[in-house]
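*Asks:* Build the 3D model from these lines:
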Amino acid sequence: FGVYELNEASTREGTGHVLRAGKELVAAGYAMYGASTLFVMSMGHGAHGFTLDSLGEFLLTRPHIRTPLSGRTYSVNVALSGGWEAPIASYVHALAVR
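*Replies:* Numbers count the residues shown, from 1 in each chain. This next block holds a predicted model:
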């Protein structure tokens with residue numbers, strides 16, 4: 001989800017209230033459901049993860065989530081590779097043959 005401040009475009013008909021730049025977000029987040037329920041959100045000062053406990057409360061379990069600068073794993077939808085530009089396809093191929 002994404003949360004934006006109310007602006008003039010929000011009070012008129014059209015798409016100006018939904019087609020906005022990500023830099024205008026004041027908060028954003030997502031939830032993942034599985035063996036446990038994880039809720040991740042940011043209000044502009046880092047991302048934080050919360051896990052739903054057995055009492056129905058979200059507890060902060062992953063403060064200050066960061067993406068590693070580098071890693072050994074990558075993930076792409078290769079089924080869409082036919083529509084990739086040549087430099088992207090070449091880069092992903094190079095990762096795959098490492």
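
*Asks:* Secondary structure class of Val18, three-state.
*Replies:* When classified by DSSP: H, G, I helix; E, B strand; the rest coil, Val18 comes out as coil.

*Asks:* Quick one: residues contacting it.
*Replies:* Under the criterion of C-beta atoms under 8 Å, 6 or more residues apart in numbering, Val18 has no neighbours. Just so you know, the C-beta spots here come from the backbone N, C-alpha and C atoms, and that holds for glycine as well.

*Asks:* List phi and psi for it.
*Replies:* When read as degrees, to the nearest 10, the backbone of Val18 gives phi -120, psi -30.

*Asks:* if I look at it, how far off is Arg62?
*Replies:* Distance, Val18 to Arg62, using C-beta to C-beta, to the nearest Å: 29 Å.

*Asks:* just the helices in the protein please.
*Replies:* Using DSSP state H, the helices of the chain run over 86-96.

*Asks:* Do a quick rundown of the strands in it.
*Replies:* Secondary structure of the chain by DSSP state E: the strands cover 2-4, 25-33, 37-42, 47-52, 58-65.
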